[in-house]
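*Asks:* how does the following fold in three dimensions:
(one chain, ligands or ions: 1)
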Amino acid sequence: MDLGLALARQEQGASRLDVLGAMIRKEQLKSKGAMAQRILIVEDERTIADSLAHTLKRERFEARIASDGEAALVLAGEFKPDLVILDLMLPGIGGLDVCRVLRRKSTVPIIMLTAKAKEVDRIVGLEVGADDYVTKPFSMRELVARVRAALRRQSMLAQPSDEPGFDDGHITIDLAKPSVEVKGKPIVLSPRELSLLRALLAHRGRARTRHQLLEEAWGSDEYIDPRTVDVHIRWLRQKLEPDPEHPQYIETVRGIGYRFGR
Ligand code: CA
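*Replies:* The predicted structure is shown next:
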């Protein structure tokens, strides 16, 4: 309803404030509907799951809880979450397996909750493919910040753009498609690997620090461990380099970070 129509209704007896109030409520409902992103919480500890759901709802997300791995896989199909918060230690199918299965089917951002620092490499690395992790105990504020950052990165990835490619006969990269081939064979990169490659190629021949790469490929360097960059660089090298132990494309620049050298 536009203001003209609202004012016309006013003449039919409704007070101007009533009409404006109704218009504002309608707009709020509309924007709430458009903004409510769905978060699936997979956590068997009821108090943690409930307080997460409560916090996320207060932050205007729609939240559902699955208390084991099987329920998580079923709900992932039905609820179609925009993001998954996934506990590592679950009864039945464990968090790592849930993550692997979800990853096979979709690029939904996955934030893992873990009490085990030594699992971090596996969680964000090639083996499991989570986007981020938070170690327990965590603050709700930190977790919500990570959720927002992951959703922002996902929406940036979804935007098409006009980007340069790379082709030297061994590697062919077309970031607009996107497609990456090594010796003519297509290579599957995760969304994060692709954005890291994009960040390196955008400054070809120049060294980038881990923090710059986090900023460009993850959308933020807040709360993200710089070691995450190293894990993804290793994984990219394994996919792209003829000899990953002696990289020719993604070079380590001592004391700084990394460079797409060619
Ligand atoms: Ca647990």
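
*Asks:* okay, now residue 46: neighbour count?
*Replies:* For residue 46, the number of neighbouring residues by other Cβ atoms under 10 Å comes to 10. C-beta: built from backbone N, CA, C; applies to glycine.

*Asks:* now do the same contact list for the closest residue to it other than its chain neighbours.
*Replies:* Of all residues not flanking residue 46 in the chain, residue 67 sits nearest, at 7.3 Å (Cβ to Cβ, 6 or more residues apart in numbering). Taking Cβ atoms under 8 Å, 6 or more residues apart in numbering as the definition of contact, the neighbours of residue 67 are 42, 43, 44, 46, 49.

*Asks:* and the stretch 1-150 of the chain, which residues reach the ion?
*Replies:* 44, 87, 89 (Cβ under 5 Å from the ion).

*Asks:* between the residues you listed, which is nearest residue 210?
*Replies:* For residue 210, the closest of those turns out to be residue 87, at 27.5 Å, with distances computed as Cβ to Cβ.

*Asks:* next, the contact list for the closest one, please.
*Replies:* Neighbour list for residue 87: 42, 43, 44, 45, 48, 95, 112, 113, 114 [criterion: Cβ under 8 Å, 6+ apart].

*Asks:* quick one: the third one is in a helix?
*Replies:* No - under DSSP: H, G, I helix; E, B strand; the rest coil, residue 44 falls outside any helix and is assigned coil.

*Asks:* leaving out chain neighbours, which residue sits closest to it?
*Replies:* Once its chain neighbours are removed from consideration, residue 44 has its nearest residue in residue 67; the separation is 4.9 Å (Cβ to Cβ, 6+ apart).
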